[in-house]
Structures are given as C-alpha cells and as structure tokens.
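[1] Give me coordinates for this.
(one chain, ligands or ions: 1)
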Amino acid sequence: MTPEELTGLAHFKKEGCMACHPGAGQTGIGPDLTRTPANHRNITWMVPHFKNPPQVVPGSAMPPIDLPNADLNALSLFVLKLTPKNEQALEAAPDFVLQGANRFSIEPLRRLPSDQRLGLEARSGAGWCRSAPRSRLA
Ligand code: HEC
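    Coordinates of the predicted model:
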C-alpha cells in the first residue's frame, strides 16, 4: 500500500466503516465494499458520496464523513484498492505502520523553506500538505 492508502485505512478504522461494512461476503447495514459496482468504483463518485451520502444515493442510511478533502481522497484510494482476496491482509496493517505513513506524508512539507511552507500550510486539502488533519489520526 502507498502512504496515501495507509492513511485511508487509518481513517477507515477510525470512522467505524466496518460497523456497517463488515467485509467480503458478509451482510451489514451497508454493502460489501470489496464488490463496489464499476460505476461507483472511482474517486469522483466516492468523495461527494462520503461528504453527503443521501445527496448521491437518495434515502441512503450512511452518515456523512466529516474529514478534510485530502483525507476523503485517501479514504477513497484505500476503498478502491479493496478486493475479496486482499481485504483481510490490507486491514491487518498494524497501527505503527499507519502512523509511519502519517509521518511520511508530511515530510516533504517540512523540507521546504519556512516562507514557502507557510503558504502551503494555509491551503488545506492540497494533497500532501496536510499537517493539521494528519494529527487527528494520532
Ligand atoms: C451507519 C452505517 C454506515 C457507516 C458507518 C458507513 N456506511 Fe458506507 N454505506 C452504508 C449504506 C447503507 C450504504 C448504501 C447506500 C449508499 O450507497 O449510500 C453505504 C454505501 C457505501 C459505499 C458505496 C458502495 C456501493 O456499492 O455503491 C461506499 C464506498 C461506502 N459506503 C464506504 C464507507 C466508508 C469508507 C465508511 C467509513 C468512512 C462508511 N461507508 C461508513 C452504511 C454505512
């Protein structure tokens, strides 16, 4: 998994997705995410759905996921990676691996000169520049 996908997995665990999406072949309140239909299997469908499920799927019982855009992107990338075969192995990633991904993703920002860094930090949701939302995983 990439650091981005690992960040997505960290949110997947923290946001309680598995309570409603229990996993491959299992019935829950929500559908099996390893078999998301092709027309929903892309980030441009998923992120608006995470922000406001009933607006995308009328009558949806899924709650809105209140995270910054960059984290919703990461969450989508993780969900898109799920298959019936890899699900258990992916979800078994230990917490220290998830925390390592978190650190990795803010490193490029730290290496920039501080005047440039400040400007980037102000642009929340700008891809890898996410020191504030990342700390919510700790
Ligand atoms: C309270 C139960 C509940 C929780 C918690 C929940 N979901 Fe859902 N989810 C649903 C239901 C019900 C649907 C089907 C209706 C819809 O598509 O909105 C759904 C649909 C989805 C879909 C579309 C699947 C498809 O086959 O089209 C995705 C992707 C998804 N959820 C991901 C997540 C993720 C990721 C989380 C955690 C951040 C999460 N869900 C948390 C209930 C839940």
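[2] Excluding covalently adjacent residues, which one is nearest to residue 55?
    Of all residues beyond its chain neighbours, the one nearest residue 55 is residue 48 (7.4 Å), with distances taken as C-beta to C-beta, 6 or more residues apart in numbering. Where C-beta positions appear, they are placed from N, C-alpha and C, glycine not excepted.
[3] where in the chain is pLDDT low?
    103-138 (pLDDT under 70).
[4] for the ligand, what are the nearby residues on it?
    For the chain, the residues in contact with the ligand (C-beta under 6 Å from any ligand atom) are 12, 15-17, 19-21, 29-31, 33, 36-37, 40, 46, 53, 57, 60-63, 65, 75, 79.
[5] which of those residues are buried?
    12, 15, 17, 21, 30, 33, 36, 46, 53, 62, 65, 75, 79 (16 or more other C-beta atoms under 10 Å).
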